[in-house]
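> The following comprises the amino acid sequence and a computationally predicted model.
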Amino acid sequence: MNPNYELPLDEADYSFGFLDEFAKREVRRTILKAISIPGYQTPYASREMPMGRGFGTGGLQLTLSLIGQDDTLKVIDQGSDDSVNAVNLRHFVELTCPGVNTTERTTEATLIQSRHRIPEVDLTESQVLILQVPYPDPLVVVEPSEAKRKVMHGEGDYSRLLTKLYEDIVQFDEITISHRYPTRINGHYVIDPSPIPRYDVPRLYRSKALILLGAGREKKIYAVPPYTVTEPLAFDDVPFRTEDFRDANGHRRACGRCGATDSFLDELIAEDGSKAWQCSDSDYCNQRLAELAQEVSA
Amino acid sequence: MKKILEVRNLTKIHGRGCPQCIDSTGPEADTNICPHCGSVVAAYGVSFDLHAGEILGIMGESGSGKSTVVKTLYFDDAPSAGEAIVFDEARQWNLFALNAAEQRWLRNHRLGMVYQNPHLGLNFNVSAGGNIAERLLMSDLAHYGEIRERARRLLARTEVLPERMDESPKKFSGGMQQRVQIAKALATQPPLLYLDEVTTGLDLSVQARILDLILEIQQELNTAMIVVTHDLGVIRLLAGRTIVMKYGRIIESGLTDQILEDPQHAYTQRLVASAL
Amino acid sequence: METILKIEGLSKHFLLHDQTKLIPSCANVDLSVNAGQLTALVGPTGAGKSSVLKCVYRTYLPSGGRILYRDGSGHSIDLAQASEHQMLQLRHAEIGFVTQFLHCLPRKSALDVVAEPLLTRGENREVAQGKARELLALLRVPERLWAVPPATFSGGEKQRVNLARGLIARPRLLLLDEPTASLDPATTDRVVELLQAIKREGVAMLAIFHHPDLVRRLGDRVIELAPPVAVTDLLETCAS
């Protein structure tokens, strides 16, 4: 240690918020590397967070190292701003990063930390989407050794992943992966795009917003830079399909609350035991309701 | 006949090795373990040529180094020294100078291997058809219907019932597992196929049918093969030329009928005499 | 007449390591075979007649001497020195061998066994099987046996299948080791006719016949072999 060492001038607001500047530098450097090699799982020194690993510590470290006083943060879990996890994370950032704005409106946010969903409203170039990832490596289901997985990624060898899709079609006549759908980024690396549903996978394609994915426990950060070509793994003759929310008669189900027929729906069991469907993106649903109310009053 | 494989001075030493390893091992020393450093000289100075469509037998007892030779030629094991060149249409592949990605490409596209132990050659977590699909997917075929059709044809060719193609090879008999392995190895129509004790441990009638199948395939596809076995019957039936190995060295090579009827080396004479 | 095969000073002995024995088989054999002619080897049992044929075919490694063969493109090759691949190529395309015994796949039908040499030369299956049928008929192999593997055949039937297999591809040089040993007189006559026809086509033959009558009917030249020096003598010679 150099006892005379002085910290450099804090021009980039490094000493702001919860993370110390060394942690921030580490995460930011890793983010730059991850953006430079789209889809590559960049290892980094993941810090301990004041919450259990697996509760979004990877996403939180990304958020905390990027956030500044001018930022507006939105946190969602399963599409909802009101779920316990989202509320707690948001509250934690409010506590530790003085002056930061938080919002529930997708369009107002500059930073969006999310688990399970990409917001329904198209994101813009001035927004960053941060996805919390439990298991970053899509190859983990076919190869237990990380050393071998790294070689497979390096050589672009995803045949065993495709074999798994083949087996799916053989057994079930369709690809049954509901979320974490393996997706090839920029023609090489295949990523696990976090637990987003199949419905959200096409929305990675040439996304205007930078998408960062962080796995705290697995100590990996990877990125889908803006306008990157992404392609879900599929066969030439068995194309990738999203959930279509059709009922038995082939009609597209609508949100039971706002009536939307163009959003990802959650299936709910009502108190009488019947099934109901509702927008998973609570902000989207609320905005539609507000617009409808305006139309009615006008 | 055009040459497809040239092997020169292939050597594999397990252990750190010492300057006396080579002189202290081999058939004369009656061991393949170096008494000075304990290293195992699994193969030393192995050289041979293989021509297109030819079946070469490598015969020897366990510890002779016969499996080591095919394992290094299939990149399952890295050699300590030596050179091997595959002549593939207009290209030449200097096997041990290739990087890992090139080795993988060559292995997936132009080489095939059938192991004695089906667990080494097959993935038991996926169906028989899936095993073939995996190899086709490795060679960049991405059309489900076509993969399925080719898997079905290959399994039919190796006499595995097509209606069982979606079952796990776990449920198959030993002979059937070898058939699936052969179908998998043939999936990319490699010009060069290695067969390592493929019929060892199978019932005699099953052995016979698999050997027939191998011969038929060799005649249909003109696939060059290296057949590793300790079984003189397999050599007699399949191989045009034979190499006899002991303690990591080639002690004799020749046309198979000559090796069997006029063996030159004392060891081969004993081997042949004990079998007849 | 073009000389196809010229053997000079051929000798063959076996060194049995376990018994430390040297067993001579033939020594100082000189002979030649012309295109369209048959050279017959005669001599008592143990004179090494079969060894000469096997040395030419490389089933035995010759111990000494030269076996000069003129191949289809006019090159002279010493078969005692030729590489394994050269030998395989010649066996495949030019040199045929009919032995007393049938070595073939135990599970192939007689028809396929006979047709095989043509198939491996790239002939199509229909044509090859057609020729095989002709030959089997000519050699009086009962038609009911054609689809059966020859393993269960009688000695005479096997031998006829073997002959058909050896003759079907019309080699340039044909080696015959007692090809009619277990045939009845009528079939033997058929074989003689067949061999005469093949000779007229220019095939050179080196043959051993069990019956002097066949040598007389078919042989253009006769080479008499004598049993080589006894083992003990040779070992003494080696020792001195």
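The structure has been received and is ready for your questions.

> now the residue most central in space within chain C, what's its secondary structure?
Centroid-nearest residue in chain C, with Cα atoms, centre = their mean: residue C:175, separated by 2.5 Å. Each residue gets one of three states, and residue C:175 gets strand by DSSP: H, G, I helix; E, B strand; the rest coil.

> per-residue confidence at the closest residue to chain A within chain C?
Relative to chain A, the nearest point of chain C is residue C:107 (34.4 Å; Cβ to the nearest Cβ). Every residue, glycine included, has its C-beta placed from N, CA and C. Looking at residue C:107, its pLDDT reads 79.

> what is the mean pLDDT for stretch C:123-136?
What stretch C:123-136 shows for mean pLDDT is 91.

> residues of it that come out buried?
Buried residues in stretch C:123-136, defined by neighbour count with 16 or more other Cβ atoms under 10 Å in any protein chain shown: C:123, C:128-129, C:131-133, C:135-136.

> and what of stretch B:49-57?
The neighbour-count check on stretch B:49-57 (16+ other Cβ under 10 Å) flags B:49-51, B:53-57 as buried.

> Same check on stretch B:57-77?
For stretch B:57-77, a neighbour-count test (16+ other Cβ under 10 Å) marks B:57-60, B:63-77 as buried.

> What of stretch C:136-154?
C:136, C:138-139, C:141, C:145-146, C:149-150, C:153.

> Mind checking which of those residues are in helices?
Counted as lying in helices by DSSP state H, out of those, are C:136, C:138.

> Residues contacting stretch B:183-191, please?
The list of residues contacting stretch B:183-191 from outside it, by Cβ atoms under 8 Å, 6 or more residues apart in numbering or on different chains, reads B:4, B:52, B:88, B:108-114, B:121-122, B:128, B:131-132, B:134-136, B:139, B:150-151, B:154-155, B:157-158, B:160, B:193, B:217, B:221, B:223-224.

> In chain C, what residue lies closest to chain B?
Nearest residue of chain C to chain B: residue C:17, at 3.4 Å (Cβ to the nearest Cβ).

> check contacts around the closest residue to chain C within chain B.
Nearest residue of chain B to chain C (Cβ to the nearest Cβ) works out as residue B:266 at 3.4 Å. When contacts are counted by Cβ under 8 Å, 6+ apart, residue B:266 touches C:17-18.

> Give me the distance between the two termini of stretch A:184-201.
For stretch A:184-201, the first-to-last residue distance is 11 Å (Cα to Cα, to the nearest Å).

> can you give me the offset of that stretch from its chain's centre?
With Cα atoms, centre = their mean, to the nearest Å as the basis, stretch A:184-201 stands 10 Å off its chain's centre.

> pLDDT averaged over that stretch - what is it?
The model assigns stretch A:184-201 a mean pLDDT of 93.

> And for stretch A:55-69?
For stretch A:55-69, the mean per-residue pLDDT is 92.

> isn't there a helix covering residue A:213?
No. Under three-state DSSP, residue A:213 sits outside any helix and is assigned strand.

> what residues are up against the residue nearest to residue B:74 when sequence neighbours are not counted?
Excluding its sequence neighbours, the residue lying closest to residue B:74 (Cβ to Cβ, 6 or more residues apart in numbering or on different chains) is residue B:113, at 4.9 Å. When contacts are counted by Cβ under 8 Å, 6+ apart, residue B:113 touches B:70, B:74, B:76, B:121, B:185, B:193-196.

> how near is residue B:113 to chain A?
For residue B:113, the distance to chain A (Cβ to the nearest Cβ, to the nearest Å) stands at 16 Å.

> On the three-state scheme, that residue is what?
strand.

> on that earlier part again, give me the subset of the contacts of residue B:113 that lies in strands.
Judged by DSSP state E, strands contain the following of the contacts of residue B:113: B:193-196.

> Please enumerate the strands of chain C.
Using DSSP E, strands in chain C cover C:3-16, C:21-34, C:38-42, C:64-70, C:76-78, C:95-98, C:173-177, C:204-208, C:221-224.

> Quick one: list the elements packing against the top helix by length along chain B.
In chain B, assigned by DSSP H, the helix with the most residues is helix B:204-221. Helix B:204-221 sits against helix B:174-186, strand B:224-229, helix B:232-238, with contacts defined as 3 or more Cβ pairs under 8 Å, 6 or more residues apart in numbering or on different chains; DSSP states H and E.

> buried sites along the longest one?
Judged by neighbour count (16+ other Cβ under 10 Å), helix B:174-186 contains these buried residues: B:175-186.

> can you check stretch C:153-169 too?
C:153, C:156-169.

> One more: stretch A:244-257?
Going by neighbour count (16+ other Cβ under 10 Å), the buried part of stretch A:244-257 is A:245, A:253-255.

> Only C-alpha atoms, please: export that stretch in PDB.
The C-alpha coordinates for stretch A:244-257 follow below in PDB (Å, rounded to 0.1, in the frame of the first residue of the first chain):
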ATOM      1  CA  ASP A 244     -50.200 -16.100 -28.100                       C
ATOM      2  CA  PHE A 245     -52.700 -16.000 -25.200                       C
ATOM      3  CA  ARG A 246     -55.500 -17.600 -27.300                       C
ATOM      4  CA  ASP A 247     -58.500 -19.200 -25.600                       C
ATOM      5  CA  ALA A 248     -60.000 -22.500 -26.700                       C
ATOM      6  CA  ASN A 249     -61.800 -20.700 -29.500                       C
ATOM      7  CA  GLY A 250     -58.700 -19.100 -30.900                       C
ATOM      8  CA  HIS A 251     -59.500 -15.600 -29.600                       C
ATOM      9  CA  ARG A 252     -56.800 -13.500 -28.200                       C
ATOM     10  CA  ARG A 253     -57.500 -13.000 -24.500                       C
ATOM     11  CA  ALA A 254     -57.800  -9.500 -23.200                       C
ATOM     12  CA  CYS A 255     -56.700  -8.000 -19.900                       C
ATOM     13  CA  GLY A 256     -59.500  -8.300 -17.400                       C
ATOM     14  CA  ARG A 257     -58.700  -4.900 -16.000                       C
END
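
> what does it rub up against?
Here stretch A:244-257 makes contact (Cβ under 8 Å, 6+ apart) with A:260-261, A:263, A:265, A:268, A:276-279, A:285, A:288-289.

> Of the residues you listed, which is the most crowded?
When neighbours are taken as other Cβ atoms under 10 Å in any protein chain shown, the top entry among those is residue A:279 (26 neighbours).

> On the pLDDT front, check that one for me.
At residue A:279, the pLDDT recorded in the model is 94.

> Not counting sequence-adjacent ones, nearest residue to residue A:188?
Nearest to residue A:188 is residue A:156, by Cβ to Cβ, 6+ apart, at 5.6 Å.

> ditto for residue A:185
Using Cβ to Cβ, 6+ apart and skipping residues adjacent in sequence, the residue nearest residue A:185 is residue A:39, 3.1 Å away.

> Mind telling me what element that neighbour is part of?
Residue A:39 belongs to no helix or strand when assigned by DSSP states H and E.

> Surely it and residue A:225 touch.
No. Between residue A:39 and residue A:225 there is no contact, the gap being 9.5 Å when judged by Cβ atoms under 8 Å.

> Please enumerate the strands of the stretch 51-200 of chain B.
Assigned by DSSP state E, counting those that start in this stretch, the stretch 51-200 of chain B shows strands spanning B:55-59, B:81-88, B:91-94, B:111-114, B:192-196.

> Columns mean pLDDT on top of those strands, output as a markdown table?
Formatted as a markdown table, these follow (pLDDT from 0 to 100):
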| stretch | mean pLDDT |
| --- | --- |
| strand B:55-59 | 96 |
| strand B:81-88 | 95 |
| strand B:91-94 | 93 |
| strand B:111-114 | 95 |
| strand B:192-196 | 95 |
